[in-house]
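Peer 1: no letters, just coordinates:
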């Protein structure tokens, strides 16, 4: 199963607002991220920010495969195709989001997506949980099932919070299903605290979501 998700083909609330200005992530590396071989050595794991211009078809296809595969499992049981999921990733990138890709050797093994909360289409639902002046939203996290249980999700979470802090944001919010105990534990290990619950619908099925928040000023550098 993937770490978490908040939408389905019938729930587009996590996508950037359609009138959002374009903002690209700052990339420190410009390498081909298309998947090839897999390796087991943790020393070869790296996390790379991706520019919109670097979202070549092979990379988008791979991100879509990971996303769709993860969210087909419990508790979501969604019906994403790889093509639909690739479009979600592209829409986030061109709508002001930051995409970080985790590579296990040269193989793409995971992704995490975040964006300023003012660009998030579902920002009104989270308004009561915002406490800072510059909030950021962690929207998506997915790790290839073959690469799970290695701490990769936690590494992606930590790296995205560093990106948010370096860009001047003072808190990160996210949400996940209340029965997604694995994701909740991963966020809490990364410093997030549960700040409340909310009701939401995925694919027309109502469920309770846990909202978590990380105060970035509390992070030790």
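Peer 2: Arrived safely, thanks for sending. Just so it is clear, the model here is predicted, and its values are computed rather than measured.
Peer 1: next SSE after the helix or strand harbouring residue 182?
Peer 2: Per DSSP states H and E: residue 182 is located in helix 181-189. Once helix 181-189 ends, the next helix or strand along the chain (criterion: DSSP H and E) is strand 193-202.
Peer 1: which strands and helices lie in contact with that next one?
Peer 2: Where contact means 3 or more C-beta pairs under 8 Å, 6 or more residues apart in numbering; DSSP states H and E, strand 193-202 is packed against strand 205-215. In short, each C-beta sits where N, CA and C put it, glycine included.
Peer 1: show me what the residue nearest in space to the middle of the chain is bridged to.
Peer 2: Nearest to the geometric centre of the chain sits residue 140, at 2.4 Å (C-alpha atoms, centre = their mean). Beta bridges link residue 140 to residue 113 when assigned by DSSP bridges.
Peer 1: tell me the helices in this structure, going along the chain?
Peer 2: 57-71, 82-94, 152-166, 181-189 (DSSP state H).
Peer 1: which parts of the second one are buried?
Peer 2: Right, the one you point to is helix 82-94. Using 16 or more other C-beta atoms under 10 Å as the burial criterion, the residues of helix 82-94 that qualify are 82, 85, 86, 88, 89, 90, 91, 92, 93.
Peer 1: buried residues in the helix holding residue 182?
Peer 2: 182, 183, 184, 186, 187.
Peer 1: and stretch 160-172, by the same measure?
Peer 2: The neighbour-count check on stretch 160-172 (16+ other C-beta under 10 Å) flags 160, 161, 163, 164, 165, 169, 170, 171, 172 as buried.
Peer 1: next up, the contacts around the first one.
Peer 2: Each residue near residue 160 by C-beta atoms under 8 Å, 6 or more residues apart in numbering is listed here: 98, 100, 112, 114, 138, 172.
Peer 1: swap the cut-off to 7 Å and go again
Peer 2: Neighbouring residues of residue 160 by C-beta atoms under 7 Å, 6 or more residues apart in numbering: 98, 100, 112, 114, 138.
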